[in-house]
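[1] Give me the fold of what follows.
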Amino acid sequence: MISEAQKKCLDLYNEGLALYKQRKWQEAIARFEEGLKAVPGDGPSKLYIERCNQYIKNPPGADWDGVFVMTTK
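    Numbers count the residues shown, from 1 in each chain. Alright, predicted model coming up:
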C-alpha cells in the first residue's frame, strides 16, 4: 500500500519530470524539492535536481531528446 506522502511525492515527481523534459529546469527543481518535503531522501527526486542543476550550467543542444548522457564514469 502506498502512503499519502508517497503518493504526493510521486505526483510531484511526475510533474517535475514533465517540466524537466520541457527544459524548464527551475520549475522542475521546485517540484522535486516539494516531493522531497513529502518523502525526505527520495533518490529519484535528488537525482533529477542534480541533473537540472547541471543543465542550468551547461544546457543541452537543440537536438536533446530528454536522455541524460553521462560525461564521467
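
[2] element containing residue 60?
    According to DSSP states H and E, residue 60 maps onto no helix or strand at all.

[3] Which residue comes closest to the spatially most central residue of the chain once chain neighbours are left out?
    Geometric centre of the chain, nearest residue: residue 48, 3.3 Å, by Cα atoms, centre = their mean. What sits nearest to residue 48 in space, not counting adjacent residues and going by Cβ to Cβ, 6 or more residues apart in numbering, is residue 32, at 5.3 Å. Placement of C-beta: from N, CA and C, glycine included.

[4] Spit out the contact partners of the one you found.
    By Cβ atoms under 8 Å, 6 or more residues apart in numbering, the contact list for residue 32 reads 12-13, 16, 45-46, 48-49, 52.

[5] so what pLDDT did the residue lying farthest from the centre of the chain get?
    No residue in the chain has its C-alpha farther from the mean C-alpha position than residue 1, which lies at 24.0 Å (Cα atoms, centre = their mean). Note on residue 1: pLDDT of 90.

[6] just to revisit the earlier point, touching, the residue nearest to the centre of the chain and residue 15? I think so.
    No. Taking contacts as Cβ atoms under 8 Å, residue 48 lies outside contact range of residue 15: 11.3 Å.

[7] Can you list the low-confidence ranges for this structure?
    The chain contains residues with pLDDT under 70 at 72-73.

[8] mind listing the strands for it?
    Assigned by DSSP state E, the strands in the chain number zero.

[9] Now the longest helix anywhere in the chain: buried residues?
    Ranked by residue count and defined by DSSP state H, the top helix of the chain is helix 4-21. Neighbour-count burial for helix 4-21 flags 9-10, 12-13, 15-17, 19-20 (criterion: 16 or more other Cβ atoms under 10 Å).
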